[in-house]
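Peer 1: let's see this in three dimensions:
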Amino acid sequence: MNLITTLSALPKLDSLAYRHVPAADPISVIRVRVAGVTGPNALSRERVNAVAQQIAQRTGLDVDVVAGSSPSPETIDLPAAGSGHRR
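Peer 2: Next up is the predicted model:
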């Protein structure tokens, strides 16, 4: 099972619907916003890389940097044939 949520929503997931998920299953991804990052420029990349390195060193976790991954509403037009649904 895959689930995307925020850390603040985790307490709400402690319900019967999710009790079958083993407690040992790890959180696989945490998105981090780095203060002072203003776009695709050298200073912003340096800040992101410095934070990524600190996270890796302090936690021992693998860190993948994905720039520009902040969620925002996006409308995507798909033709009926491209949607994967048949009528």
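Peer 1: next, Gln54: phi, psi?
Peer 2: Backbone torsions for Gln54, taken as degrees, to the nearest 10, come to phi -60, psi -40.
Peer 1: Thr5 versus that one, what's the distance?
Peer 2: Gln54 is 24 Å from Thr5, where distance means Cβ to Cβ, to the nearest Å. In this view, the C-beta of every residue, glycine as well, is placed from N, C-alpha and C.
Peer 1: now swap in Val48 and tell me
Peer 2: According to Cβ to Cβ, Val48 stands 23 Å off from Thr5.
Peer 1: the more surrounded of these two?
Peer 2: Val48 (18 against 10; other Cβ atoms under 10 Å).
Peer 1: my read: that one touches Gly68, true?
Peer 2: No - using Cβ atoms under 8 Å, Val48 makes no contact with Gly68, being 10.6 Å away.
Peer 1: no more questions from me, cheers.
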